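Visitor: following is a predicted model, sequence given first.
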Amino acid sequence: MNVKLLNQPFEHIDAELKLEFVTPKGLETHPHSALLTQAGFKADQEQLCALHEHRLLVCGIDATQSDELYRSAMAAAIKAAMNFTYASLKCAQYTPEHFRALIEGVVLGSYKFESYKSDPKPFKLSEVIFSNDNHDGSSNAFDVLETTLHQTLIIAKATNFVRNLVNQTPYDMTPQMMAVTADKLAAANNLECTILDVNALEKEKMNAMLAVGRASSNPPRLIHLAYKPANPKKVITLVGKGLTYDSGGLSLKASTSMVTMKMDKAGACAVMGIIKAVSELKLDIEVHAFVGAVENMIGGNAYKPDDVLVAKNGKTIEVRNTDAEGRLVLADVLGYAQENVKADYIFDYATLTGACMVALGPYTTGVMGHNEELKQEWLSAAEASGEYCGILPFNRHLKKLIKSDLADVCNVSSKPYGGAITAALFLDNFIDDDMKEKWVHFDIAGSAYTESAWDVHTYGGTGAGVRMTLNWLMEHCK
Ligand code: BES
Ligand code: ZN
Ligand code: ZN
């Protein structure tokens, strides 16, 4: 979808369809109030009514008119408009504050993933036009809106890039294909790219990651992408869980739980999308994205419950459940990342636990770490960006639940509750002392993927992590 901003009065803009957002109060004085009311339109949030004889689509918006409501109303409107046969649409009322939300609504709401359809449904709508001079006579500074448009398009498109990667089947998106994708991104965006194959991983003593991938015919890869501007204000390390498929391993998942496990690579896809956006925005921040791309499968050579693994940092791990594999991969990738880059902050993104969904529901990212102020910053960044985040607190008693009688630490908790937190406390074993306060872990198990549409999301990957991270980076690394 092409999104344009024109320095022209709204009424002068040539478009086949006009979109208006109407509040219940606004409906009373609307020029087509009688017609709309007759059609049953009450201006409920996201309620739609098309008056084709007037080339007008109206969309209800709640009286609070928050960014979030505008974003999801625009997504609903754009989806409806894509079912019509108009080629262009112009949008009427908005303020500079709502502009970003509206652009996101267009780009994220019009997203379709049809790579696996033999006969994708075509649509005619190709252009959405905004004016800086609205039809109510109010005018907005053109340069401010232009900057917003430029930045928002980069971030929203990076979110769709992540969704595309997540939605690929495990057959198409193997660890090797993740590496190929990273290579292509590096070439297109002028990033440095280093790929470690099994031999290199062995040399690096990344035995926990190697154990998880051992039974797969698609061998693991570690991917390191780097964006290095001339005088960076900060150095940021991002780490992503890239399980291209998680069958559970020998602790095999039940068949219904295994479906959707192609999304276990969403953390890896998110960090690739974030570095893509950072480089396109040309931010003065050095960003390193590390991905552990692995497939967790079964076989005669599979790693087993009862195995003890020696991680890259030398700590020993008792494996009691091979389905708690993400933390094993991350243990080594976090170790490698800290050894190779001295960063100001380290953030990891992982579809790590079903327990996170139990704790926070299916839409919210779990935020964990030792630095209270930093976690609060992330909550604010997430809220401003339209993502949901909730803090899950550590405590010293939960830490005892992953003690092992046999090794240094156990890969699962001895109690069935608080699984998202005990998983994060496991990762804490692989964060160096000088990085403890600079580390935040994001559990995106619920937020990264959806099987039913919500907000700006349709079926599949949501691109969770991208918008909130760009928001945090642009706010805190100036
Ligand atoms: N990839 C899963 C977590 C997950 C579950 C993500 C559902 C998205 C949706 C992870 O590897 C896993 O299987 N975790 C186990 C941990 C348990 C064995 C301690 C889980 O959550 O059940
Ligand atoms: Zn698992
Ligand atoms: Zn997993």
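Guide: Thanks, I have the structure now. Numbering: from 1, shown residues only. Ligands and ions are numbered 1, 2, ... in the order given.
Visitor: state the distance from the closest residue to ligand 2 within the chain to G419.
Guide: Using CB to the ion, the single residue of the chain nearest to ligand 2 is D323, 3.8 Å away. To be clear about C-beta, it is placed using only N, CA and C from the backbone, and glycine gets the same treatment. For D323, the distance to G419 equals 11 Å [CB to CB, to the nearest Å].
Visitor: same check, this time on H135
Guide: For H135 relative to G419 (CB to CB), the value is 53 Å.
Visitor: quick one: which of those two has more around it?
Guide: Neighbours were counted for H135 and for G419 using other CB atoms under 10 Å; G419 has more, 21 against 15.
Visitor: against ligand 3, how distant is that one?
Guide: 12 Å (CB to the ion, to the nearest Å).
Visitor: could you do V367 as well?
Guide: 19 Å.
Visitor: near ligand 1 at all, the strand or helix carrying that residue?
Guide: Applying DSSP states H and E as the criterion places V367 in strand 364-369. No - against ligand 1, strand 364-369 shows no contacts by CB under 6 Å from any ligand atom, the least distance being 11.4 Å.
Visitor: partners of that strand, with directions?
Guide: strand 388-391 (parallel), strand 439-443 (antiparallel) (DSSP bridges).
Visitor: so can I have TSV of the ones you listed showing mean pLDDT and distance to ligand 3?
Guide: Converted to TSV, these look like this (pLDDT from 0 to 100; distance: least, CB to the ion, whole Å):
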stretch	mean pLDDT	distance to ligand 3
strand 388-391	98	20
strand 439-443	99	11
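Visitor: just say which of these is most tucked in.
Guide: Neighbour counts averaged per stretch over those are highest for strand 439-443, at a mean of 28; criterion: mean count of other CB atoms under 10 Å.
Visitor: residues touching the residue of the stretch 151-300 of the chain found nearest ligand 3, list them.
Guide: Across the stretch 151-300 of the chain, the shortest distance to ligand 3 (CB to the ion) belongs to D246, at 3.7 Å. Applying CB atoms under 8 Å, 6 or more residues apart in numbering, we find D246 in contact with 253, 258, 261, 264, 296, 323, 325-326.
Visitor: 6 Å instead, please
Guide: Contacts of D246 were listed using CB atoms under 6 Å, 6 or more residues apart in numbering, and they are 261, 264, 296.
Visitor: and the helices in the stretch 301-450 of the chain?
Guide: Here the stretch 301-450 of the chain has its helices, by DSSP state H, counting those that start in this stretch, at 326-340, 354-360, 372-385, 396-400, 419-428.
Visitor: okay, those helices in TSV with mean pLDDT next?
Guide: Formatted as TSV, the helices of the stretch 301-450 of the chain follow (pLDDT from 0 to 100):
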stretch	mean pLDDT
helix 326-340	99
helix 354-360	98
helix 372-385	98
helix 396-400	98
helix 419-428	98
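Visitor: just confirm E16 contacts F84, I think it does.
Guide: No - here E16 lies out of contact with F84, judged by CB atoms under 6 Å, at a distance of 8.9 Å.
Visitor: average pLDDT across stretch 149-157?
Guide: Averaged across stretch 149-157, pLDDT comes to 98.
Visitor: so which residues make contact with that stretch?
Guide: Residues contacting stretch 149-157 (CB under 6 Å, 6+ apart): 5, 100, 103-104, 107-108, 277, 280-281, 467, 470.
Visitor: repeat for stretch 215-231
Guide: By CB under 6 Å, 6+ apart, stretch 215-231 touches 174-175, 179, 182, 186, 191-196, 198, 213, 275, 278-279, 284, 286-291, 293-295, 297-299, 301-302.
Visitor: check contacts around T462.
Guide: Counting by CB under 6 Å, 6+ apart, T462 has contacts 448, 450.
Visitor: sorry, back to before: phi, psi of the residue of the stretch 151-300 of the chain closest to ligand 3?
Guide: In terms of degrees, to the nearest 10, the main-chain angles of D246 are phi -120, psi 100.
Visitor: pLDDT score for it?
Guide: On the pLDDT scale, D246 is placed at 98.
Visitor: renumber starting at 9 from here on
Guide: Yep, numbering from 9; the last one is D254 now.
Visitor: can you give me the distance of it to V448?
Guide: 23 Å.
Visitor: circling back to that earlier point, the residue of the chain closest to ligand 2: neighbour count?
Guide: Count around D331 with other CB under 10 Å applied: 20.
Visitor: and if you look at S126?
Guide: Applying other CB under 10 Å, we find 5 residues neighbouring S126.
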